[in-house]
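> structural data only, the sequence is not supplied:
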């Protein structure tokens, strides 16, 4: 499962980078007058905008330690800096999409807080919103930290890969939100669906999700309002008294859950330990699985209550594992037969290596794994190299897909030539694939083995391919 989660995270990152590159190329081809904009360090974050300072084309900025967008950008913004500040102005900040890679991204606002009024959590209430940052299109962020301050608006989708994500009170994402982060804190309004993978997920009092809510995390804390359905997988889940879910609430797997607040639909929970507060109100049916049946106070559940013994889903997980294993076997077999069909001599060349070659393969593979995406990203931020960057990224993705099968095939051919000359290579490939799959089940160790195999596979293929051609 750990390996699958890491593969999922990589795919999400690759997807975001591909979106960055495709949009960059399309805008470059569509507008011949696009020129990179250099950073003017004299611009202060609070400087107001005027027509003479408006950027009338796409904005490209890279290599700066800190950069502030304090003027209107009438196009897309492509930013790669240490810290990005989007400063509130009287007009719209960015009329297109924002693509950013940075350590910290701050989408700022200017608000006044009440000196006397506080919410039930002790936070000062917002008295007035003076200025906000506004982005017309979608926002794509790869960063250590993203902060969207109170009142700011994103009128498209939000895609985030970060360590920490914080959406402030009354901030708005007009469409869907996709988050992969370690720590997530939401206190704004999401008008579309929410998809989040995180370690800790904190939905605060003013948070509102208009469509469906999908969260996979270790710890989930819920306040606020979800207008449609919720689907959650987590270790620990806490619903508070001010939480409201308009339709169905589904927990596919959890260790502990504390139900409170108001749920107007059905509740389906598969959890080791379930606790329901007296203040909780479920207007639909309650279907729950836990290790022990709980006693409910009258009036907590308006519909039917159905209890079953907690199911760890071992049988389902075993079935999923076997199906995944079959899919991997078929894929590795396909790679093997394609190579045999196209270049049968290549298989035999792969197997002739010495012990010292392992270090060479590892070094080459490590360089490819790290350097290629960095070079691709650097090429993306230039007009001339964007197509080359896209090509490198596509080639990189292909190499990552075939690297592990190449390693398995190489070792299988090596074993056959040295020890079992009478056994078909494909049989050894199948055996090694099953062994690697079993190793992946071991926490941490399995992941390390997979990374080593990936690096060696990259090195084996690249060195042998270059030597052959």
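Now that the structure is in, tell me what you want to look at. Quick caveat: nothing in here was measured; it's all calculated off a predicted structure.

> does anything pack onto the host helix or strand of residue 374? Which helices or strands?
Using DSSP states H and E, residue 374 sits in helix 355-380. Applying 3 or more CB pairs under 8 Å, 6 or more residues apart in numbering; DSSP states H and E, one finds that helix 355-380 contacts helix 2-30, helix 386-418, helix 445-468. Heads up, the C-betas are built off the backbone N, CA and C, glycines and all.

> ranking those helices by mean pLDDT, which is last?
Mean pLDDT is lowest for helix 2-30 among the helices and strands packed on helix 355-380, at a mean of 42.

> which element follows that one toward the C-terminus?
Downstream of helix 2-30, the first helix or strand assigned by DSSP H and E is strand 59-62.

> and the following helix or strand past that following strand, how far out from the chain middle?
Downstream of strand 59-62, the first helix or strand assigned by DSSP H and E is strand 66-69. Put simply, strand 66-69 sits 25 Å off its chain's centre (CA atoms, centre = their mean, to the nearest Å).

> can you list contacts of the helix or strand following strand 66-69?
Next in sequence after strand 66-69, counting helices and strands by DSSP H and E, comes strand 77-80. Strand 77-80 is contacted by residues 20, 24, 58-63, 67, 69, 94, 96-102, 377, 380-381 when judged by CB atoms under 8 Å, 6 or more residues apart in numbering.

> repeat for stretch 213-224
Outside stretch 213-224, the residues that reach it (CB under 8 Å, 6+ apart) are 184, 186-187, 193-209, 226, 228-240, 242-244, 261.

> buried stuff in it?
Burial within stretch 213-224, assessed by neighbour count using 16 or more other CB atoms under 10 Å, is assigned to 213-217, 220-224.

> now it: how far from the chain's centre is it?
That offset, for stretch 213-224, works out to 15 Å (CA atoms, centre = their mean).

> what count of nearby residues applies to residue 437?
Close neighbours of residue 437, defined as other CB atoms under 10 Å, add up to 18.

> what subset of the contacts of strand 77-80 is buried?
For those, a burial check counting by 16+ other CB under 10 Å picks out 20, 24, 58-62, 67, 69, 94, 96-102, 377, 380-381.

> what mean pLDDT does the particular helix or strand that has residue 326 in it have?
Assigned by DSSP H and E, residue 326 belongs to helix 314-342. The average pLDDT for helix 314-342 rounds to 77.

> got it, and stretch 231-244?
On average, stretch 231-244 scores 95.

> buried ones in it?
231-240, 242-244.

> likewise stretch 187-205?
Buried residues in stretch 187-205, counted by 16+ other CB under 10 Å: 187-198, 200-205.

> cool, and stretch 260-268?
260-263, 265-268.

> quickly list what residue 180 is bridged to.
Note on residue 180: beta-bridge partners by DSSP bridges are residue 161, residue 197.

> okay, it: pLDDT?
pLDDT, residue 180: 91.

> just checking, it touches residue 198?
Yes - the criterion here is CB atoms under 8 Å, and residue 180 meets it with residue 198 at 7.5 Å.

> in the helix holding residue 374, what counts as buried?
361-362, 364-365, 368-369, 372-373, 375-377, 379-380.

> how far off helix 386-418 does it point, in degrees?
For helix 355-380 against helix 386-418, the angle by axes from the mean of the first three to the mean of the last three CA atoms, to 10 degrees is 170 degrees.

> pLDDT wise, what is residue 129 at?
The model's pLDDT for residue 129 equals 80.

> how about it, secondary structure?
What DSSP: H, G, I helix; E, B strand; the rest coil gives for residue 129 is strand.

> separation between it and residue 152?
Distance from residue 129 to residue 152, counting by CB to CB, to the nearest Å: 9 Å.

> the two: who's more crowded?
Neighbours per residue (other CB under 10 Å) separate residue 129 from residue 152, with residue 152 holding more: 28 against 16.

> which of the buried residues of helix 355-380 sits closest to residue 157?
Using CB to CB, residue 380 comes nearest to residue 157 of these, at 19.9 Å.

> domains in this protein, as residue ranges please.
Per automatic domain parsing, the structural domains of the chain span 2-309, 314-468.

> deepest-packed of those, please.
Mean neighbour count (mean count of other CB atoms under 10 Å) peaks for domain 2-309 among the domains of the chain, with a mean of 18.

> ok, the helix or strand that contains residue 219: who's next to it in the sheet?
For residue 219, the enclosing helix or strand under DSSP H and E is strand 213-222. Strand 213-222 has these partner strands in its sheet, going by DSSP bridges: strand 194-203 (parallel), strand 230-239 (parallel).

> I would like the residues contacting the helix or strand just after the first one, please.
Next along the chain after strand 194-203, taking DSSP H and E as the criterion, comes strand 208-209. By CB under 8 Å, 6+ apart, the list of residues contacting strand 208-209 from outside reads 188-190, 193-194, 224-228.

> recalculate using a threshold of 6 Å.
The contact list for strand 208-209 (CB atoms under 6 Å, 6 or more residues apart in numbering) reads 189-190, 194, 225-226.

> ok, so of those residues, who is nearest residue 440?
For those, the nearest to residue 440 is residue 194 (30.1 Å; CB to CB).

> and the pLDDT at that closest one?
As predicted, residue 194 sits at a pLDDT of 96.

> so how far is residue 229 from it?
Residue 194 is 11 Å from residue 229, by CB to CB.

> dump the buried residues of stretch 260-268 to a markdown table, plus distance to residue 396 and pLDDT.
A markdown table is the format used below for those (distance: CB to CB, whole Å; pLDDT from 0 to 100):
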| residue | distance to residue 396 | pLDDT |
| --- | --- | --- |
| 260 | 47 | 95 |
| 261 | 46 | 95 |
| 262 | 49 | 96 |
| 263 | 45 | 97 |
| 265 | 44 | 96 |
| 266 | 45 | 96 |
| 267 | 45 | 96 |
| 268 | 41 | 95 |
